[in-house]
Every structure is written in structure tokens, then in C-alpha cells.
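*Asks:* Sequence plus predicted model, see below.
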Amino acid sequence: PLTSSAVISLGIHAGSTGAYLFAPTVLSSLDSTTVILLEDRQQNIFTDLRNNFYSVQITDTGALDGRFFLHVSSAIHSTSINAGCANNDGVLSIIEDSTVVWSSANLYDSAGLLVNGLNNIAGLYHFNNLAAGDYKLVLFYDGDYITSMPLHLNGNAILAHIESMPLTAEVGQQIMFRSITNNATTYFWSFGEGSQINGVANPTFAFMQPGVFTVILNCSNPAGCEYGDSITITVGYATSINSINNETPNIWSHAKTITVVLTAESNQGAELKVYNMDGQIIHDSPITQLTSTLTMNNAPNGYYIVSVLNNNLTFSKNLLLVE
């Protein structure tokens, strides 16, 4: 790898006069952003060996030192400044060999849309006001040679979304809340009835009174970025219509076995999910029978959340699995 450009004198010995062809054979060993030029100082000709061979008539035999030279540039590399909390002020800095002037440099986003383009550039230049993500830099040299390099820009902006199992619950029923976030390091939950939980990404919570509650999650990180999301939970008494219609499944455990019993009227399209206490799904399968038994021998001893989706309603229960 070259840290700067190099001019290399080629030692040539012509055994006889005639037509000779200069052709590169190991281009794969060089970075694609390295420009390779062959200089014939006798003819004052430069040839881009990336795209062309050089054909020359040699009339002098013997050593031809001092006539042919290779000009090899160092590879392009990049640095970056993270996009901030608004995700619109990131910077990609491109560092090129100052001895080479590229015809153009076009930056494309991950969707293939042109973000910015520059012409006749060399040395250091910047693409500003960028969002975090993946990019591709496409470079043209002398109108003939084209190459590209992938680039990635990190960011500090937070994205957060709340998922709840279930959205409709009974008084005292444990509800699992899951935060799907990016770049968040702190979590603060407010449950709409005065209760709060701090520092937990995926808490469980039970409402002790009926009502409609707005659960709010606020996230932050050391860069000073903040983001919030909310979700609405409806809580009713155990004598709700779900119980009256006898649609509530029976769910229980014994040792490392979970049993689910559905009613005959509502067993179509049912689904069983099992979560650990960190909110991670460790089992997900359809329920095809009125009575289903799931064995969890490989699961560590402890509490799990068993969720049954049945007739567009979700029922959850905490179960202890232990040998």
C-alpha cells in the first residue's frame, strides 16, 4: 500500500527493434482508486494503463533506462464526522492523492440517488449535511476509467418505537413492553397513572385500575440526543367481554412444559409466542389444535411470558419453567 504517489523508473532491455506492447497484468493487487500511468519521456506520452495498453515502436536495442516510467497514485481513503441529533449534519471527507485530478466524484445514497457531485477534484474535499447511512462514491478519471468505493457514515440521532404484549389487558395482568431503538443508552418509562420505570429497555408492568393509559418512552444518549414514543393501553376488569365470550385460553406450565387450551369457537389462526424476561422471542409457532403442549427443555430455569394470539386478541401470562 502506498501512502503517497510514486514514480518508478522501468528498466527495459530491448533485444531487437520492433513493436512492443506495455500491458499491466496484476491490477487486482492494487486498490481500484489507484491511478497507474505509463510515461514515455521520449515521445512525451502518458497512457492510463487501467483502460489502455501502450503500443510503441522501439528502434534502439539494449538498455532503455530513463525512457519509461510508471506513475502510481496512493489509494483514496475517507474520514467522517457523525451526523448529529437532527441526522442532517454528517460529513464525509475524501482524501485523494494530490498528484491525480479526477474528472468527477459523485456521491450516491443507499437508494442510488445522487446526493452531490464534484468535478475536477484532487486532494481533500468534503460532502456535508449528510444523514447517517451507507453511501457509494463513484469516480471518473480522464473520461475513460470509472471506479467506486463504499462509504458508511455513523450518526447519533435516536429512533425509538414501543411494542406491547398485549394492547388490551385486564387489571393486574402483566404486560410486556419492548423498546426498539437505535443509538439509545438510557430509557425512562411513564405509564400514565403515576408509575415510572427508569433504566430498563424492556420492562413488564401491570395496571391496578381500569382505564385507557398512554405509556410514554423517552430515550437519550451521551451525545445529548433525545427521542420519545408513546402507545395506548386499554385495561378492563377480569369480567370483560373476553371472559364472557369464553375466548380466554387456559395457559399453565409444569416443569419445562407449557400447555395451552383454546375454545372450539376460536381456535382458527391462533399463535403461540414465548418471551424471556428481556423481551426476546425464544419461541414462535402457530396453534393448530385445541390443546397444545410445548416442551422447553433447553430453556434456563426462570420466569417467561407466554403470549397467545387468538381471534385477533392477545392473552399473556407469566409462567415459571423449572426442572
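*Replies:* Right, received. Where do you want to start? Residues are numbered from 1 along each chain as shown.

*Asks:* Check which residues of the helix or strand hosting G228 are buried.
*Replies:* Remark: G228 resides in strand 226-236, with elements defined by DSSP states H and E. With burial defined by 16 or more other CB atoms under 10 Å, the residues of strand 226-236 counted as buried are 227, 229, 231, 233, 235-236. For the C-beta atoms, the positions are set from N, CA and C on the backbone; glycine is no exception.

*Asks:* Just to check, A105 is in contact with G117?
*Replies:* Yes: at 7.0 Å, A105 and G117 qualify as touching, with contact defined as CB atoms under 8 Å.

*Asks:* related to what we said a few turns ago, quick one: which of the buried residues of strand 226-236 is nearest to C219?
*Replies:* Comparing the buried residues of strand 226-236 against C219 with CB to CB places Y227 closest, at 5.2 Å.

*Asks:* you'd agree that closest one is up against T186?
*Replies:* No: Y227 is beyond contact range of T186, at 11.1 Å (criterion: CB under 8 Å).

*Asks:* Find residues that contact each of the two.
*Replies:* Counting by CB atoms under 8 Å, 6 or more residues apart in numbering, the residues touching both Y227 and T186 are 219-220.

*Asks:* Show the contacting residues for the closest residue to C225 other than its chain neighbours.
*Replies:* Here the nearest residue to C225 in space, its sequence neighbours aside, is C85; by CB to CB, 6 or more residues apart in numbering that works out to 3.8 Å. C85 sits next to 156-158, 223-226 when contact means CB under 8 Å, 6+ apart.

*Asks:* N198 is in contact with F188, correct?
*Replies:* Yes: with contact taken as CB under 8 Å, F188 and N198 are classed as touching, separated by 5.2 Å.

*Asks:* More neighbours: which of the two?
*Replies:* It is F188, of F188 and N198, that has more neighbours when counted by other CB atoms under 10 Å, with 15 against 11.

*Asks:* Torsion angles phi and psi at the more buried one?
*Replies:* For F188, the backbone dihedrals (degrees, to the nearest 10) come out as phi -130, psi 120.

*Asks:* Okay, and the beta partners of it?
*Replies:* N198, N218 (DSSP bridges).

*Asks:* how close does it get to T181?
*Replies:* Separation of F188 from T181 (CB to CB, to the nearest Å): 12 Å.

*Asks:* Can you check which residues contact both of those two?
*Replies:* Contact with both F188 and T181 is made by residues C219, according to CB under 8 Å, 6+ apart.

*Asks:* So which residues of this protein form helices?
*Replies:* 241-244 (DSSP state H).

*Asks:* Point out where it drops to low pLDDT.
*Replies:* Judged against pLDDT under 70, the low-scoring parts of the chain cover residues 1, 238-247, 264-268, 277-279.
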